[in-house]
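[1] structure of the sequence below:
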Amino acid sequence: MSNDLDGRNALVIGGSRGIGRAVVEQLATAGAAVAFSYVSNKDAAAALVDDLRRAGRVATAFQADLGRVSDVRELFARAGDALGPLDIVVANAGVAIVKALVDCTEEDYDEVFAANAKGTFFALQEAARRVRDGGRIVAVSTGGTKMWFTGTSLYLGSKGAVEQFARVLSRELGPREITVNVVSPGFTDTDLLPERDRRVAASLSAFGRVGTPAEVARVVGYLASDAARWVTGQNLAAGGGVF
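    Numbers count the residues shown, from 1 in each chain. Next up, the predicted model:
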């Protein structure tokens, strides 16, 4: 995909680590100018910007909390000021609380849904307003919405909402030739996957291992490219055959 995205401007929401970082690297390596957000890990964000700039890529980072709608709107405004009109938006940020449904508190619900559902909803709204005709919008969900693990009701419920937001938005933006899709990663080698679960996770894959952030990012990169101009309203599994 080298130089496939030359001249495109991209915003990745939640891009300082894990899958988000790999997406930033994928889009930048493919030629896009990339802005990305982080919540609190300023050092990781700065290191990623430095790495990309040393490689001759265009990258910039902004602090934003997806749980605050005002932060979401300001992020889009700052990204637009830095890069110009956006062509690609990837909504990747999110939080998880693992707890049995019966034990979840109202505070737990508000924390998870504020970031994963409400925050992503308004990020998609800003993307719909700002992405140029013919652009690409990708939301990151999880293969867990098809697997129903115990203790994940809040996380999976919020991500299920994201999948429906994207599906409807794909219809609404179709007349502008903007594609809207979802990528659902499976078990991936990030700090969100506990060490105790990795052996079982690997055994569920057709490949006998967990995925890498770069492998998921390549699927996002495909959806951001011209090769996927006829793909919209879809939820692409990037899980090594687990689901």
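
[2] tell me the buried residues in the biggest helix by length in the chain?
    In the chain, with assignment by DSSP state H, the single longest helix is helix 153-173. For helix 153-173, a neighbour-count test (16 or more other Cβ atoms under 10 Å) marks 153-162, 165-167, 169-170, 173 as buried. In this view, the C-beta of every residue, glycine as well, is placed from N, C-alpha and C.

[3] contacting residues around that helix?
    91, 94, 96-101, 104, 108-109, 112-113, 115-117, 120-121, 124, 128, 137, 139, 141-142, 144-145, 148-149, 179-182, 184, 232-233, 235 (Cβ atoms under 8 Å, 6 or more residues apart in numbering).

[4] now, of these, which are buried?
    Buried members of those, counted by 16+ other Cβ under 10 Å: 91, 94, 96-97, 99, 112-113, 115-117, 120-121, 124, 128, 137, 139, 141-142, 144-145, 179-182, 184, 232-233, 235.

[5] before we move on, back to that, of the contacts of helix 153-173, which belong to strands?
    Using DSSP state E, 91, 137, 139, 179-182, 184, 235 are the members of the contacts of helix 153-173 that sit in strands.

[6] including pLDDT and distance to Ala64, could these go into TSV?
    Output for the ones in strands among the contacts of helix 153-173, formatted as TSV (pLDDT from 0 to 100; distance: Cβ to Cβ, whole Å):
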residue	pLDDT	distance to Ala64
Ala91	97	12
Ile137	98	17
Ala139	98	16
Thr179	98	24
Val180	98	21
Asn181	98	23
Val182	98	21
Ser184	97	24
Asn235	98	25
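
[7] how close does Glu163 get to Asn116?
    Separation of Glu163 from Asn116 (Cβ to Cβ, to the nearest Å): 11 Å.

[8] please read the previous query as pertaining to Leu75.
    Leu75 is 16 Å from Asn116, by Cβ to Cβ.

[9] what about stretch 145-153, average pLDDT?
    Averaged across stretch 145-153, pLDDT comes to 90.

[10] sorry, wrong one. I was asking about stretch 190-200.
    82.

[11] now swap in stretch 5-21 and tell me
    For stretch 5-21, mean pLDDT rounds to 96.

[12] run the chain-centre distance for that stretch.
    8 Å (Cα atoms, centre = their mean, to the nearest Å).

[13] from start to finish, how long is that stretch in a straight line?
    End-to-end distance of stretch 5-21 (Cα to Cα, to the nearest Å): 17 Å.
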